[in-house]
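In: Sequence first, then the predicted structure, then my questions.
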Amino acid sequence: ATEGKEEASAAENNPSRAPQGKPGERSSVLYSAGQFFFEYLVVVSLKKMSDGHYEPKITYQFPKRENLLKGQKEEEERLLQAIPLFCFPDGNNWAPVTEFTSETFSFVLTNVDGSRKIGYCRRLLPSGRGVRLPEVFCIISCLGCFGLFSKILDEVEKRRQISMAVIYPFMQGLRESPFPAPGKTVTIKSFIPESGTELIKLTRPVDAHLEHVEFQALLQRLSPHLILHIFASAMLERRLIFLAEELSVLSQCIHAVAALLYPFTWAHTYIPVVPECLLDTVCCPTPFMVGIQMRHLERVLDQPMEEALIVDLCEGKILRAVGDEEEILPIKLQNEMLTSLNRHNNNNNIHTSEQVNTLVSEAFVQFFVRTVGHYASHIKWSKNGSGTFQERAFCKAIASKTNRKFVKKFVKTNMFSLFIEEAEKSRIPQEGKW
């Protein structure tokens, strides 16, 4: 138990051991065009230990980095130590199988300097005869674009069924290609034995802030009413636990919940899939947003945790709540969002994934425009160019009593403070976010 608590504590402070995160920290670094698509491709395989259990180990790494400075080498070692844990977060009780459904999921690692790396994973069964163990292909990148990397992993999986040797030239070609600007396409030439040269087109979505998001995954599993309860809890930076068995469901749904907060960002512990050895994370008294496999439900419920919202993504219901979720958001705005979400939910079949993303995002951005959209006019600027936010006047300017009651709570959150800190640095309003 002590070791578990140390691991959970390390999740707060040690970037190599847990993907703690700020999913909305959409800096220019995260989305700039022209940089490398990825830093590493690693293969994580299960190796049998003397006690009969299997332990995940990196068995392939591309590229091999040489001539690194001491600090860079230490950072790389921390990163490579952490990756296997998050590629096989479901423990070490594995057995060779003949059939296995491929799954795609992702995790986030935060460095000491606050920069983030995303691990895009495809867990698959390599081709062959007889029983085999699954392996994970993990692409590490500082670029947030789940759809694009899912397509890249499709290509990796296709080549893996032929030979590992065919993966290398494809990834080399990808590494030599610049990351496209929003809305633009990059074409990769790739040779496959017996098929010849293929042209693979990779297009980046137009709207950068929705690149890592799949709102449809959330709408398929939860009613709009429950989504608003979750949104309200996240707005007040509470503890949120999501349960599902599939890693892909957990990572997609948690990324979607974090994206509902745009243009604000979740600034606390953020682990889309909690490895089994870090389950004590749920005992943290600070806010967190975590995903846990359903098989660990009893262990989670037995933990001495603070109040938390526990969401079952398999059954589409809330297992445990604080009790006031219905009263957090202003009722009029809540009903408007409910109407909007119900409309999109009913029309899911006729919208593309990108259209659903845009429609859902607009509904939540409008909520922020209506409640706190006047923030820029309450920043007082000094002659030297520094700004000071006038919180009292800002709250007083809200005519609706219910809206004001909500905003008075929201201004005390970390996410609002961080947003205002950024706004105070620049006299140019953050219009692009609204």
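Out: Nice, thanks for sending it over.
In: CA only for contacts and neighbour counts going forward, please
Out: Will do.
In: Spatially central residue in the chain, please.
Out: H255 (3.9 Å; C-alpha atoms, centre = their mean).
In: those helices in the stretch 251-400 of the chain, which residues are they?
Out: Counting by DSSP state H, counting those that start in this stretch, the stretch 251-400 of the chain has helices at residues 297-301, 325-328, 331-346, 353-372, 391-396.
In: now those helices in TSV, with mean pLDDT and mean neighbour count?
Out: Converted to TSV, the helices of the stretch 251-400 of the chain look like this (pLDDT from 0 to 100; neighbours: other C-alpha atoms under 10 Å):
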stretch	mean pLDDT	mean neighbour count
helix 297-301	90	13
helix 325-328	93	16
helix 331-346	86	16
helix 353-372	90	17
helix 391-396	95	15
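In: contacting residues for the residue nearest to the centre of the chain?
Out: Going by C-alpha atoms under 8 Å, 6 or more residues apart in numbering, H255 touches 23, 212-214, 272.
In: what's stretch 323-333 in contact with?
Out: 229-230, 232-233, 367, 402-403, 406.
In: hmm, back to that, filter the contacts of H255 down to the buried ones.
Out: Among these, the ones that count as buried by 16 or more other C-alpha atoms under 10 Å are 23, 212-214, 272.
In: for stretch 136-149, the distance to its chain's centre please.
Out: Distance, stretch centre to chain centre, for stretch 136-149: 11 Å (C-alpha atoms, centre = their mean, to the nearest Å).
In: And it, what's buried?
Out: Neighbour counts over stretch 136-149 (16+ other C-alpha under 10 Å) mark 136-147, 149 as buried.
In: Where strands are concerned, which of these count?
Out: 136-141 (DSSP state E).
In: Save the buried ones among the contacts of H255 as a markdown table, and put in distance to T185 too.
Out: A markdown table is the format used below for these (distance: C-alpha to C-alpha, whole Å):
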| residue | distance to T185 |
| --- | --- |
| P23 | 25 |
| H212 | 17 |
| V213 | 19 |
| E214 | 20 |
| P272 | 29 |
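In: Closest one to T371 out of those residues, please.
Out: Of all the buried ones among the contacts of H255, P23 has the smallest distance to T371: 22.5 Å, by C-alpha to C-alpha.
In: and which of the contacts of stretch 323-333 is nearest to H268?
Out: Nearest member of the contacts of stretch 323-333 to H268, counting by C-alpha to C-alpha, is S233, at 13.5 Å.
In: quick one: which of the buried ones among the contacts of H255 is nearest to L79?
Out: For the buried ones among the contacts of H255, the nearest to L79 is P272 (17.3 Å; C-alpha to C-alpha).
In: Hmm, that closest one is touching F288, no?
Out: No. Under the criterion of C-alpha atoms under 8 Å, P272 is not in contact with F288, lying 10.4 Å apart.
In: mind showing which ranges of the chain have poor pLDDT?
Out: For the chain, the stretches with pLDDT under 70 are 1-34, 67-68, 112-114, 344-350, 428-434.
In: need the strands for this protein, in chain order.
Out: Along the chain, counting by DSSP E, strands occupy 40-48, 54-62, 103-110, 116-124, 135-141, 185-192, 196-203, 239-244, 269-271, 288-293, 309-312, 317-320, 379-381, 387-389.
In: For the last one, which strands pair with it and how are they oriented?
Out: Same thing as strand 387-389. Applying DSSP bridges, strand 387-389 is found paired with strand 379-381 (antiparallel).
In: Just give me how far the partner strand sits from the chain centre.
Out: For strand 379-381, the distance to the chain centre is 34 Å (C-alpha atoms, centre = their mean).
In: Give me the neighbour count for M49.
Out: Residues near M49, counting by other C-alpha atoms under 10 Å, number 9.
In: now it: how far from V156?
Out: In this view, M49 and V156 are 28 Å apart by C-alpha to C-alpha, to the nearest Å.
In: swap in G196?
Out: Applying C-alpha to C-alpha to G196 and V156 gives a distance of 16 Å.
In: Among those two, which residue is more densely surrounded?
Out: Neighbour totals were compared for G196 and V156, and V156 leads with 19 against 8 (other C-alpha under 10 Å).
In: If we ignore the residues flanking it in sequence, what's nearest that one?
Out: Distance criterion C-alpha to C-alpha, 6 or more residues apart in numbering; nearest residue to V156, sequence neighbours excluded, is I167 at 6.1 Å.
In: isn't that neighbour right up against I152?
Out: No. Counting by C-alpha under 8 Å, I152 is not a contact partner of I167; they are 10.9 Å apart.
In: May I have the phi/psi pair for A397?
Out: Per-residue torsions, A397: phi -70, psi -10 (degrees, to the nearest 10).
In: and the closest residue to V290 other than its chain neighbours, how many neighbours?
Out: Of all residues not flanking V290 in the chain, I271 sits nearest, at 4.7 Å (C-alpha to C-alpha, 6+ apart). The number of residues packed near I271 is 28, by other C-alpha under 10 Å.
In: re the thing from before, let's have the helices of the stretch 251-400 of the chain in CSV, adding distance to A259.
Out: Converted to CSV, these look like this (distance: least, C-alpha to C-alpha, whole Å):
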stretch, distance to A259
helix 297-301, 25
helix 325-328, 19
helix 331-346, 15
helix 353-372, 8
helix 391-396, 25
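In: Turn the buried residues of stretch 136-149 into TSV, including distance to A181.
Out: Below are those laid out as TSV (distance: C-alpha to C-alpha, whole Å):
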residue	distance to A181
V136	29
F137	26
C138	23
I139	20
I140	19
S141	16
C142	15
L143	12
G144	13
C145	12
F146	15
G147	15
F149	15
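In: now, which of the residues you listed sits nearest E276?
Out: V136 (17.2 Å).
In: ok, now how distant is that closest one from T104?
Out: 9 Å.
In: can you list residues touching both of these two?
Out: Contacts common to V136 and T104, judged by C-alpha under 8 Å, 6+ apart, are 121-123.
In: Who wins on neighbours among the residues you listed?
Out: C121 (27 neighbours).
In: Not counting residues beside it along the chain, what's closest to that one?
Out: Distances taken as C-alpha to C-alpha, 6+ apart put C138 closest to C121, at 4.4 Å, once the chain neighbours are dropped.
In: burial count for K189?
Out: Other residues close to K189 by other C-alpha under 10 Å number 13.
In: ugh, typo on my part, it should be G52
Out: For G52, using other C-alpha under 10 Å, the count is 12.
In: All further residue positions should be reported with the first residue as 12.
Out: I'll keep to 12 as the first residue from here, and by that count the last item is G63.
In: for it, what are its contacts?
Out: G63 neighbours (C-alpha under 8 Å, 6+ apart): none.
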